[in-house]
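> the following comprises the amino acid sequence and a computationally predicted model.
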Amino acid sequence: MNLKTTWTLVLFIGILGGCGAAHPSEYYHLTVPGSPRATANQNAYPVTLVLGRVTSPNLYRQDHVVWSSDGQSMGVYQYQRWVESPTEMLADGLLREFRDSESYQGVYPEGSNMHGDYLLRVHLYDFEEISQRPLVARVSFDGELREMKSGTIVWTHYYTHDEPVSRKAVSAVAAAMDRNVQMGVSECKASLDHYFSTHSPADSVAR
């Protein structure tokens, strides 16, 4: 049985320094505490994954909390920020989810100089509050798995979901985003697990 990762939302409050700075800045972080298995998973898929850097439009490579009024007109909150960019938080969530499950022989971030059998790339499309009725937190991303030896893309998956926000507050938006990212990461892993449960590494190379 795979270990369930517990997600928590941490709110960091920082006071802006400098003369006359009276407005507090609020920082939100999606954290993924987890505990690896005490013993190795004997049923792990015999493959090593490398997780590529998450790509996105420039807006999601910054730390602002983003809002959109109609899906096209967008803006950012001045005093509400993430402690990391959405791309970094999503990459960390994916890495921890895949590693802590121990479903694979090895899982490493790109740039770690570790050899992998497959490269997982993810592109983030949406990570923002949608200011509509009802208010929602939208997350959209897709992933593709490339077999390293052949360069063949053997798996793709697209996730998109609007998670309801409980009240009109950025803290509530951050909590909804936390739930949404959790669901997206879990869905992505379940889809990839299904792929490897029905395809051996040899099947991928033969394609």
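Perfect, I can see it now.
> residue contacts, the residue nearest in space to the middle of the chain?
Nearest residue to the geometric centre of the chain (C-alpha atoms, centre = their mean): L90, 2.3 Å. By C-beta atoms under 8 Å, 6 or more residues apart in numbering, the contact list for L90 reads V54, V122, L124, F127, F141, V181, V185. Heads up, the C-betas are built off the backbone N, CA and C, glycines and all.
> tell me which of the residues you listed fall in strands.
Counting by DSSP state E, the contacts of L90 place V122, L124, F127, F141 in strands.
> what's the closest of those residues to L135?
Set against L135, the nearest of the ones in strands among the contacts of L90 by C-beta to C-beta is F127 (15.3 Å).
> what pairs with the closest one across the strands?
V139 (DSSP bridges).
> touching, it and S85? I think so.
No: under the criterion of C-beta atoms under 8 Å, F127 makes no contact with S85, lying 9.2 Å away.
> any idea how far Q72 is from E84?
26 Å (C-beta to C-beta, to the nearest Å).
> the more surrounded of the two?
Each of E84 and Q72 has its neighbours counted (other C-beta atoms under 10 Å); E84 has more, 16 against 6.
> before we move on, the earlier item: ok, which pair from the ones in strands among the contacts of L90 is furthest apart?
Largest separation among the ones in strands among the contacts of L90 by C-beta to C-beta: V122 and F127, giving 12.0 Å.
> now the strand or helix carrying Q80: buried residues?
Element membership for Q80 (DSSP states H and E) is strand 74-82. For strand 74-82, the neighbour count (16 or more other C-beta atoms under 10 Å) marks Q80, R81, W82 as buried.
> surely the first one meets Y28?
Yes: in this structure Q80 lies within contact range of Y28 using C-beta under 8 Å: 7.2 Å.
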